[in-house]
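Trainee: prediction below, plus the sequence it came from.
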Amino acid sequence: MRLHEYQSKEIFHQQHIPIPRGRLASTPEEAKLIAEEFNGPVVLKAQVLVGGRGKAGGIRLVKSPSEAHEVASKILGSRIKDIPVRRLLIEEAVNIQQEIYFGMTVDRKTGETIVIASAEGGVDIEEIARKTPEKIAKVGINPLLGLKGFQARILAAEIDLPRNLWRSFIEIAQNLYRAYTQLDATLAEINPLVITSSNRLVALDGKILLDENALFRHPEYLDKRDLSAETPEEIEARKFCLSYIKLSGNIGCLVNGAGLAMATMDIIQHKGGQAANFLDIGGGAGAEKVAAALRIILSDPQVETVLINIFGGITRCDEVARGIIKSMEDVDTKIPFVVRLVGTNEEEGKQILASANLETADTLQEAAEKAVALSMEVLVS
Ligand code: GDP
Ligand code: MN
């Protein structure tokens, strides 16, 4: 779950990470009042959950309260990268000497947290990593020891940070690491962390991703989720506790178990097809959940065939079959289904499906071949 910039900055503030003075506005009048209060140039920042707002026109520097009113009335209600802007963060403008990148995330290769810094902040870190990887400094963090002072100093030295800012940098690094671990975050990023013209380090932008699987430990964030940047499919999938990820192919997949879902996608690819999604309905899914999963798959206009692969353990094949029949009643579709059901209550499941005139298969191999063939047929017809 991604937090807004203003939410990330509330956390920074609690952790004593310096941020510019700022307040939220949802009307041009409020923007003007805040600008009057700050009595100087301010920056208007669209609170939308996308990166690169600056380039997309979502970050604007203004010189007067009346200009704040004028620009706010243009941005509020408009769309930045197709996401509607409902709120602006109005901040005192900062004079920038240098923009630094500073962040931490999970390194999936080593399985530990990696802390990253670069003297070339402000832009996409992925872009720096691609074009000039030598400009990125990294240290791995032992979870039992945490981020040590010497590690922050290694980063400070590698990015040529002026010596008089090292103490402040170390504090910011350790404070951010504390927030990251306390919140069960998977990413905490300050980009840019700026050196101001008065030689102070200030966090000018903030991005925090919370681990969805740990959200139950942070119930205060459960109702803070902003759905405006999520697709209806993602929202629906979460409602039914389905793991759904849309992909670019045309074979929709409904599978129980993440490993089996991966294997199903692999075999589709191996047989020359392309999966339209990853979808794990989990163990013990009932008919309602199966029907919801199929609705989500069928709402994707790219889907031309559906492959259902169920290995019944605690998931019962008859329940899955009922879910399939139910969703076929709900959504009137011409899209062909291939179903492979094995395991618990397999016979009952097959009997239920027999009435529905569906293509069935006994093995995953056979199911994948049929699904790929059907997806190709649709392509040529
Ligand atoms: P992003 O584009 O969504 O990452 O938004 P940021 O908050 O990182 O802002 C993008 C860029 O706008 C920054 O890298 C800065 O160059 C610039 N910017 C943001 N706030 C200020 C400010 O207070 N003063 C100045 N001069 N530039 C700012
Ligand atoms: Mn940024």
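Mentor: Noted; the coordinates are in hand. Since we're looking at a predicted model, the values are computed, not measured. Numbers count the residues shown, from 1 in each chain. Ligands and ions are numbered 1, 2, ... in the order given.

Trainee: break down the stretch 51-200 of the chain into its strands, ranges please.
Mentor: Along the stretch 51-200 of the chain, the segments classed as strands by DSSP state E, counting those that start in this stretch run 59-62, 79-80, 83-84, 88-92, 96-107, 112-118, 136-141, 185-196.

Trainee: Pro133 versus the residue nearest to Gly146 when sequence neighbours are not counted, what's the distance?
Mentor: Once flanking residues are discounted, Gly146 sits nearest to Tyr177: 6.5 Å by CB to CB, 6 or more residues apart in numbering. In this view, the C-beta of every residue, glycine as well, is placed from N, C-alpha and C. According to CB to CB, to the nearest Å, Tyr177 stands 23 Å off from Pro133.

Trainee: quick one: which of the two has more around it?
Mentor: Neighbours per residue, other CB atoms under 10 Å: of Tyr177 and Pro133, the larger number sits with Tyr177, 22 against 9.

Trainee: ok, that one touching Lys148?
Mentor: No - applying CB atoms under 8 Å as the test, Tyr177 and Lys148 come out as separate, 9.8 Å apart.

Trainee: what's the local residue count around Ala361?
Mentor: Residues contacting Ala361 under the criterion other CB under 10 Å number 20.

Trainee: now for it: which residues touch it?
Mentor: 338-340, 367, 370 (CB atoms under 8 Å, 6 or more residues apart in numbering).

Trainee: need the helices for the stretch 1-150 of the chain, in chain order.
Mentor: Under the criterion DSSP state H, counting those that start in this stretch, the stretch 1-150 of the chain contains helices at 5-14, 28-38, 65-75, 125-131, 149-158.

Trainee: make CSV from those and add mean pLDDT to it.
Mentor: Putting those into CSV (pLDDT from 0 to 100) gives the following:
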stretch, mean pLDDT
helix 5-14, 98
helix 28-38, 98
helix 65-75, 98
helix 125-131, 88
helix 149-158, 98
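
Trainee: mean neighbour count and distance to Asp300 added to these, as CSV?
Mentor: Converted to CSV, these look like this (neighbours: other CB atoms under 10 Å; distance: least, CB to CB, whole Å):
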stretch, mean neighbour count, distance to Asp300
helix 5-14, 18, 31
helix 28-38, 19, 39
helix 65-75, 19, 32
helix 125-131, 13, 27
helix 149-158, 17, 43
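
Trainee: closest to ligand 2 out of these?
Mentor: Set against ligand 2 and scored by CB to the ion, the helices of the stretch 1-150 of the chain come closest in helix 5-14, at 8.2 Å.

Trainee: I'd like to know which elements that closest one is packed against.
Mentor: For helix 5-14, the elements it packs on are strand 22-25, strand 88-92, helix 166-182, strand 207-210, judged by 3 or more CB pairs under 8 Å, 6 or more residues apart in numbering; DSSP states H and E.

Trainee: quick one: low-confidence residue ranges for this protein.
Mentor: Applying pLDDT under 70 to the chain flags residues 378-381.

Trainee: which residues of it lie near ligand 2?
Mentor: With CB under 5 Å from the ion as the criterion, the chain meets ligand 2 at residues 191, 205.

Trainee: where does the chain come near ligand 1, residue by residue?
Mentor: Within the chain, the positions adjacent to ligand 1 are 43, 45, 51-54, 59, 61, 93-94, 96, 99, 122, 191-192, 204-205 by CB under 6 Å from any ligand atom.

Trainee: can I get the strands of the stretch 51-200 of the chain in TSV including mean neighbour count?
Mentor: Below are the strands of the stretch 51-200 of the chain laid out as TSV (neighbours: other CB atoms under 10 Å):
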stretch	mean neighbour count
strand 59-62	18
strand 79-80	16
strand 83-84	16
strand 88-92	23
strand 96-107	20
strand 112-118	21
strand 136-141	17
strand 185-196	23
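
Trainee: among those strands, which is nearest Ala25?
Mentor: For Ala25, the closest of the strands of the stretch 51-200 of the chain is strand 88-92, at 4.9 Å, according to CB to CB.

Trainee: paired strands for the closest one, with orientation please.
Mentor: strand 22-25 (antiparallel), strand 42-46 (antiparallel) (DSSP bridges).

Trainee: just name the most buried of these.
Mentor: Mean neighbour count (mean count of other CB atoms under 10 Å) peaks for strand 42-46 among the strands paired with strand 88-92, with a mean of 25.

Trainee: ok now stretch 246-263, how far from the chain's centre?
Mentor: With CA atoms, centre = their mean, to the nearest Å as the basis, stretch 246-263 stands 19 Å off its chain's centre.

Trainee: now that stretch: buried residues?
Mentor: Buried positions in stretch 246-263, judged by neighbour count with 16 or more other CB atoms under 10 Å: 246-247, 249-257, 260-261, 263.

Trainee: next, format those as a markdown table and append distance to Asp107 and secondary structure.
Mentor: Formatted as a markdown table, the buried residues of stretch 246-263 follow (distance: CB to CB, whole Å; DSSP: H, G, I helix; E, B strand; the rest coil):
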| residue | distance to Asp107 | secondary structure |
| --- | --- | --- |
| Lys246 | 26 | strand |
| Leu247 | 24 | coil |
| Gly249 | 29 | coil |
| Asn250 | 34 | coil |
| Ile251 | 33 | strand |
| Gly252 | 33 | strand |
| Cys253 | 29 | strand |
| Leu254 | 32 | strand |
| Val255 | 29 | strand |
| Asn256 | 30 | coil |
| Gly257 | 26 | coil |
| Leu260 | 27 | helix |
| Ala261 | 25 | helix |
| Ala263 | 26 | helix |
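
Trainee: fine, thanks again, bye for now.
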